[in-house]
Structures are given as C-alpha cells and as structure tokens.
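Visitor: Next one to model:
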Amino acid sequence: MVLDNSTDAIVLMGLDYSVLAFNQNLQDTIKAYSGKIIKTGDDYRKFVTETDKEVFFELFQNALTGEGVTIERLASLNEFSIWYEYKMNPTFNKEKTLLGVCLRAKNIDVRKKMEIALSESEQKFRNLIESAPNPILIVDQKGMIVHCNIETENTFGFRKQELIGQSVELLVPLQHREGHDRLLAGFFQAPRPMRIGKNQITSAIKKDGTEIFVEVSLNGFVVNDTNYVSAIIVDITEKVLADNKIKNQIHELKEIARIQSHEIRSPLANILGLIELLDTEMPEQTTNEIYSYLRQSAKELDNLICDIVKRTAISLSK
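Guide: Next comes the predicted model:
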C-alpha cells in the first residue's frame, strides 16, 4: 500500500535484473509509454529503451558496488519525451546481504521544463545585456554588483571578476560616496525610472583613477521575490568637454565683440574727427600734424583689428 500510494515509479530488481517487486505507478507508466505489461520475475532490461540502456547498465553496476546514484534524464519513447529523476540504490535483506537494486523514477517534467525555460530566459537576458553598447550593472539591495556586461569592462577598466560581488560605490568618486547608500535604499523603497546626470553633471571613476562624466538610468525589477536595480551608464565625457569648449568659445567671442564695440570706436572716432579738420582752412604745419595723428590712429585701429582676428582664430581652433 505504501509503494502503490507513492507518486514515484518504483521497481526492485535482483542481481540478475529480474523484477522482484514494483508498484502500481511503475506498471501504469510502462503500460502508458510502451504498451507492455510488467510482471514479477520479468527481466527488467526488456523494458529499458535503447537510448537508455547504456546509462541504465552503468547505474545498475554502480549500485551493486554500494553506490547510490541520482540523475536527471529526458526519457523519450515514440512521441513522448518526459524528464525523470532516476535514483538507484543497493537493497539488502535482513542479514545485510545484497538483495538487488531499487530504482525510483520521479516525473519532474513540469519542474525541469520550467527550469529550462527560466535558464533560457536568463540567457536571453544576459545576451541582451552583453549586446548593449553601454555599460550595464545589475545591483542588489545591499548595493552589491551581481552582474555586468563586457562594455563595463571596456569603459571602466575593471574585469567582470573584479566587479561582481563588490559594492557599486567602487565606481563612485570619493566626493560623491557620502549618502550614496541612503540614495540606493530610498530607490529600493520606492523604485521608479530615474536618470542621474541629465540636468546636473555627475561623474564615475575608472580603475586607473580617471574620472569620467556619466548619465545613469536606473530601473527596478524583481526576480524570485528579490529586488534588483539595473543601471545603464552612458559616458558623456566627450559631450561635456565639447559643451565646455563651446561655452569658452562663446565667452571669447563675446569679449571680441566687446572690443569691437568699444575699443575700435576710439581710434575710428579720432580718424573721423581728423578728416573733418582737414576739410577746414589751416596752416600747412597744422595739416602735417593732423596727418601724423591720422597715421597713428590708423595704426592703432590696424593693431586692434589684427588682435581681433588673432583671438578669433585661436578661440575657434581650441
């Protein structure tokens, strides 16, 4: 009754593979998949499929030496394919003499296929992360890095083995670490999509100590009732440097414009005033002096124009 109420298919075989005992589940399983009827005294080998014979004989011999073995195997017969967990153990009588081998087969098809599906999903997830053009970190609630992609290595100079299991603060500059743990804890309490560095420049640190400017997109997700956060990192160092260059150029051009609007007007006004004087009747000596002042003002104007041209060229070449 105990054997027949078991959800496992159980058979006890003698040393010569003869069937000594079996339960109802085993009988029903064999009949369903092969159409054969098992009886006490049968040679169990005739119920073993061709694809399973080699494994069956190996496990049987191991069990005869006193070794208990457990394996998982996909059993295929006709159009059926089902995952089973097989256990083979030596069986002894009251005198502790080896009686035979007990085989227990447990149907694990649903669980195994779920495991395979989960594994395939995880692999697809990992492939997706690895193919991303930006560094991606997966961080747990303790702030520990549990996964990262190859682009993380390329950007920060750390190998995966150096990052996984380490605190994410390893990539945070010292001046930004204070309060970082509270920020992370707050995110896990109320997870929501968040972008850090979009409106305010933030930085990260590479293995060699170099700081880079980054934008970080955070998203929370749950796997097996465990909370994680994904961090997608974009290196915006070149963009920030380019923006700073443009700002400096704009400042320089404004300074040049100021010079044009103020300093150039002085020698130009002098020239215009001296030309008006030349239109009036005056002694030759005075006229010569005016021409001297004109030349001087023209040189000042020329020097200013040359300086503006030079500064403009320098500003645009930076």
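
Visitor: Pull up the gap between the residue lying closest to Ile236 once chain neighbours are set aside and Asp243, please.
Guide: Distances taken as C-beta to C-beta, 6 or more residues apart in numbering place Phe213 nearest to Ile236, at 5.1 Å, with adjacent residues excluded. In short, each C-beta sits where N, CA and C put it, glycine included. The spacing between Phe213 and Asp243, counted by C-beta to C-beta, to the nearest Å, is 10 Å.

Visitor: between these two, which one's more packed in?
Guide: Phe213 (18 against 13; other C-beta atoms under 10 Å).

Visitor: what pairs with the helix or strand hosting the more buried one, and is each one parallel or antiparallel?
Guide: Assessed by DSSP states H and E, Phe213 sits inside strand 211-223. Take DSSP bridges as the rule and strand 211-223 pairs in its sheet with strand 194-196 (antiparallel), strand 202-205 (antiparallel), strand 226-235 (antiparallel).

Visitor: which stretch among the ones you listed comes nearest Met282?
Guide: Nearest to Met282 among these is strand 202-205; the distance by C-beta to C-beta comes to 69.4 Å.

Visitor: The residue nearest to Ile236 against Lys206, yeah?
Guide: No - with contact defined as C-beta atoms under 8 Å, Phe213 does not count as touching Lys206 (11.9 Å).

Visitor: Any idea which residue is closest to the centre of this protein?
Guide: Ile136 (3.2 Å; C-alpha atoms, centre = their mean).

Visitor: give the contact list for that one.
Guide: Shown here is Ile136, whose contacts under the criterion C-beta atoms under 8 Å, 6 or more residues apart in numbering are Ile129, Cys148, Asn149, Glu151, Thr152, Ser230, Ala231, Ile232, Ile233.

Visitor: What separation do you get for it and Arg177?
Guide: 21 Å.

Visitor: Tell me how this protein divides into domains.
Guide: In terms of domains, the chain is parsed into 9-114, 134-235, 240-317 (source: automatic domain parsing).

Visitor: In TSV: these, plus distance to Ser121 and mean pLDDT.
Guide: Formatted as TSV, the domains of the chain follow (distance: least, C-beta to C-beta, whole Å; pLDDT from 0 to 100):
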stretch	distance to Ser121	mean pLDDT
domain 9-114	10	88
domain 134-235	10	87
domain 240-317	37	75
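
Visitor: for the residue nearest to the centre of the chain, phi and psi?
Guide: With angles defined as degrees, to the nearest 10, Ile136 sits at phi -130, psi 130.

Visitor: So what pairs up with it in the strands?
Guide: Beta-bridge pairing of Ile136 under DSSP bridges involves Ile232.

Visitor: re earlier: tell me which of the domains of the chain lies nearest to Gln123.
Guide: It's domain 134-235; of these, that one is closest to Gln123 (C-beta to C-beta) at 12.5 Å.

Visitor: May I ask which helix or strand encompasses Glu289?
Guide: helix 284-317.

Visitor: And that helix, what does it pack against?
Guide: Packing contacts for helix 284-317, counted by 3 or more C-beta pairs under 8 Å, 6 or more residues apart in numbering; DSSP states H and E, involve helix 237-262, helix 265-278.

Visitor: Out of the ones you listed, which one sits most buried?
Guide: helix 265-278 (a mean of 14; mean count of other C-beta atoms under 10 Å).

Visitor: which residues touch that helix?
Guide: With C-beta under 8 Å, 6+ apart as the criterion, helix 265-278 contacts Thr287, Ile290, Tyr293, Leu294, Ser297, Ala298, Glu300, Leu301, Leu304.

Visitor: Of these, grab the buried ones for PyMOL.
Guide: Those of the contacts of helix 265-278 that count as buried under 16 or more other C-beta atoms under 10 Å are selected in PyMOL with:
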select buried, resi 290+294+297+300+301+304
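
Visitor: picking up where we left off before, pull out the buried positions in the helix holding Glu289.
Guide: Residues of helix 284-317 classed as buried: Ile290, Leu294, Ser297, Glu300, Leu301, Leu304, Ile308, Ser315 (neighbour count, 16+ other C-beta under 10 Å).

Visitor: what's the closest of those residues to Tyr17?
Guide: Using C-beta to C-beta, Ser315 comes nearest to Tyr17 of those, at 92.9 Å.

Visitor: Thank you, goodbye.
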